[in-house]
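# next input, structure requested:
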Amino acid sequence: IRRGASILIHAGSGGIGLAAIETCFAYGMEVFTTVSTTAKKEFLLARFALLKPDHIGNSRDTSFERMIRTLTNGRGVDFVLNSLSEEKLQASVRCLAKGGHFLEIGKYDMTKNSKLAMELFQKGITFTAVLLDLLFSGTETQKMTLHRILADDIRRGVVKPLPTTVFEASEIEKAFRFLAGGKHMGKVLLRIRKNEDDRCTIPIQVCPRMFCSPEATYVIVGGLGGFGLELADWLILRGCRMLVLSSSRGITQAYQEFRIRNWKSYGVEVLVSTADVTTNEGARSLLIEACTLGPVAAIFNLAVQLRDAIFENQTAQAFAECLRPKATATGWLDRWSRTLCPELQHFVVFSSVSCGRGNAGQSNYGMANSIMERIVEGRCADGLPGKAIQWGAIGEVGLVAAMAEEKIDMEIGGTLQQRISSCLGELDRLLVACGDPIVASMVVAEKNLGGAGSKTPVEAVMNIMSIRDLKSISFESTLADIGMDSLMAVEIKQVLERDFDLVLSPQELRSLTFAKLQLLAENKESGEIIEVVDDNPAGGLEMLVKNLGLEATSQQTILRLQSQSNELDYKKAILLVPGIESVAGDVWKSIASKINAPTFILQTLNNYQCQSLDTIADAVYEEVLDKVYSKVEQFTIVGYSFGVLIAIEIAKRLERDNLVGKLMLIDGAPKYLKMLANADIHKSDEDIQKSILYAIQAISQSKETLVFNRGEFTFKERIDKLLELHKDETAYSKCYIEKTIHALFYRMKMALSLNPEAYQNTLRCPVTLVKPTKAPLLDIDNDYGLTDITDSTVTINTLEGTHQTMLQNPQLLNMINQGFL
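Numbers count the residues shown, from 1 in each chain. Now for the predicted structure:
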């Protein structure tokens, strides 16, 4: 850094950006920066008197490149401090002058292995990745150099406190959501002490996680077994870089060699020891060998030798062979680790439920584990680390998995097989959060609950959901509609897999009906394979097919509905945009009849062949403007589900024509609909088409079943076959149903191809989001990502009900009439 040099600092209103601007001005540099909103620009101008308004660009696009070229007369800047990604990173590199320096503090493009045009380096520029986290493992010289620079600048007043937004310790999720919203300025902090002088922090609920030091060695006795290899991989993922695997036979399988070679490619040093740890000299030799790599931080004993037999048939030799790898080896490891491993943090032995609960034919094995546990208790009494974990049967890898291939019954001590992923998931809690020397993890086999003992899958699900008589419910209603909650879903899934070998995905389970369950069970017994098609792909296809409205009025793009205010001369009007069905069904007429303003509904079924949102919006916009908003001072639009996307497009065009207004979005947003589509809709055209046709058939009264095999018939032939099957059951014409099916198909494809990023800062108007209390389990922000769409406020309301039933909630009308109009 030198006086008079120029620098471009991205995201100038963030913590790093503010500190960088302060430092650069103190060193006499010319500063250019970027921000994402007008409020952030005003904040920077108020904080830095030396910062010029025309030196602040937009960080949401690449327009800053033109700003730099203009203000530097095409020369560029000497430094770029970059935190942007993708095309904005490329534009930032192009902003460098000859001999310029690019400082990359973001990791997005590096993790994606993005390409950078090498021709740019002809200007003699340098590209430096600034990875502050590497300083934690850096040399003492590096740390002292940074400390000296920081201390000098604090003394000179260059480093100053940054503006902060403080959240309480219990508001971690709220703080992260605020941070993700991209509207914060300065640093976001958590208050972990009530007073600075307090020695203790405020208690915070956390998920315990074990971390390994890359400078320490981790020893696994029995490390080449099934569980041992998985444990080694688990330690490596948590930071271990020096690993000693002890096995009396060494590497005997190609798979073992493959895993070790794979770890070495990550930079892990792996040592395989064949020292006999069941002897005094062997245990000492193993630990000395491990210490040559680095101080030993953890010892795990997974070794096992089974010699099962009922007690009358046991021998002294069988007992000795079973005790050696566990009791004897643990004793020697305990003795030598006390002197050779002063920095030991974990001394872990894997015990068994055969010790804790007993198991017929394994008295010697139970005794070996019991001795290990007593050794661990002795270590803990001496103030040394020690932990014994009693595992139940472990599936997929190890001894139990090998025996399962031989069809040996694997219920051990009343426990069922526990997945290896579950075992590793429990290790964090058992090693970090549990203070007891003896802990256990197992899956209990017998349960006198739920579907246990049921003869058929239908009976099992009825027992779990407390349904006594099937006649009291609809065979075609989904389990979710009948009252299945998340806990019931987990138990139903487990019972169907365990007792009836029926494996369903979460999406298939949500759309499961008793009729389909019975069909699955019958096909399972007959040996036939049936494909489960999710007939609930867009939040309730059956519901929307029932709500197709009047065919006679569906031709009108703008349809005025009967409301509480029916005058012709008005200054306020409301436009309803229905969901993926695209027409005015009975539910919308019911809502409109109680709205205190002239009410119109946008019907886009005529545009059923449009394959993008832009083409739909462009096709209807002029009619919306002419028939709804030609007399009004501001627009008010209510969009529902898929209709939210069209509502946003209409609002965007109205704002472009200088109208102001507001939006109410009912259970929909670009990011939300994209995630819902990815979670619930099969990706291929054929799967989407089949979902629609099965949904339509599901609401019919016909007992005939329409089944399509993959690749059988074209889409038109399937529609014709469906209409022929149900020709006497519908009041709609063939043409109308065909248009509706094609509209559903193209709009589901639009949802799948959505790019939520393209909606950032699309609107200026305030947005009200209305969400149901019973919503899909999606990992999405509370505001469905709408904060990124508008520069104005986002208000969030919640209504009792599901995505479908919330429209019938009277509270929705109160929100429209009192809080929105």
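
# neighbours of Leu665, just the number please.
A count of neighbours around Leu665, defined by other CB atoms under 10 Å, yields 28. All C-beta spots, glycine's among them, are computed from the backbone N, C-alpha and C.

# can you check Leu302 too?
Around Leu302 sit 22 other residues, with neighbours defined as other CB under 10 Å.

# tell me the contacts of it?
Ile220, Val221, Gly222, Gly223, Gly225, Phe227, Gly228, Leu231, Phe350 (CB atoms under 8 Å, 6 or more residues apart in numbering).

# give me the neighbour count for Pro810.
The burial count for Pro810: 8, using other CB under 10 Å.

# ok, back up a step: kindly indicate which of the contacts of Leu302 lies nearest Leu286.
Closest approach between the contacts of Leu302 and Leu286, by CB to CB: Val221, at 7.7 Å.

# list the contacts for that closest one?
Ser246, Val277, Leu286, Ile299, Phe300, Asn301, Leu302, Ala303, Pro325, Ala329, Leu333.

# which stretches of the stretch 651-800 of the chain have low pLDDT?
679-683, 694-712, 726-731, 776-779 (pLDDT under 70).

# those strands in it, which residues are they?
660-666, 767-772, 794-799 (DSSP state E, counting those that start in this stretch).

# out of those, which is closest to Lys734?
Here strand 660-666 is closest among the strands of the stretch 651-800 of the chain (CB to CB), at 31.8 Å.

# so where's the longest strand in this protein?
strand 96-104 (DSSP state E).

# so which elements touch it?
strand 77-82, helix 87-94, strand 126-129 (3 or more CB pairs under 8 Å, 6 or more residues apart in numbering; DSSP states H and E).

# tabulate the ones you listed in CSV, adding columns for distance to Met462, mean pLDDT and mean neighbour count.
Compiled in CSV, the helices and strands packed on strand 96-104 are given as follows (distance: least, CB to CB, whole Å; pLDDT from 0 to 100; neighbours: other CB atoms under 10 Å):
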stretch, distance to Met462, mean pLDDT, mean neighbour count
strand 77-82, 60, 95, 24
helix 87-94, 56, 92, 19
strand 126-129, 60, 93, 12
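
# format these as CSV; extra columns: distance to Ala440.
Below are the helices and strands packed on strand 96-104 laid out as CSV (distance: least, CB to CB, whole Å):
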stretch, distance to Ala440
strand 77-82, 51
helix 87-94, 50
strand 126-129, 46
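
# how about Arg510: what's its closest non-neighbour residue?
Ala480 (5.3 Å; CB to CB, 6 or more residues apart in numbering).

# can I assume that neighbour sits in a strand?
No - using DSSP: H, G, I helix; E, B strand; the rest coil, the secondary structure at Ala480 is helix, not a strand.

# residues near it, how many?
Around Ala480 there are 20 other residues, counting by other CB under 10 Å.

# distance check, it against Val77.
56 Å (CB to CB, to the nearest Å).

# Leu146 now?
25 Å.

# what comes up buried for whichever strand or helix holds Leu333?
Leu333 belongs to helix 329-340 when assigned by DSSP states H and E. For helix 329-340, the buried set under the neighbour-count rule, 16 or more other CB atoms under 10 Å, comprises Ala329, Thr330, Gly331, Trp332, Leu333, Asp334, Trp336, Ser337, Leu340.

# what do you get for stretch 479-490?
Buried-residue list, stretch 479-490, by 16+ other CB under 10 Å: Leu479, Ala480, Asp481, Ile482, Met484, Met488, Ala489.

# from the residues you listed, pick the one nearest Ser593.
Distances from Ser593 to those, taken by CB to CB, are shortest for Asp481, at 26.3 Å.
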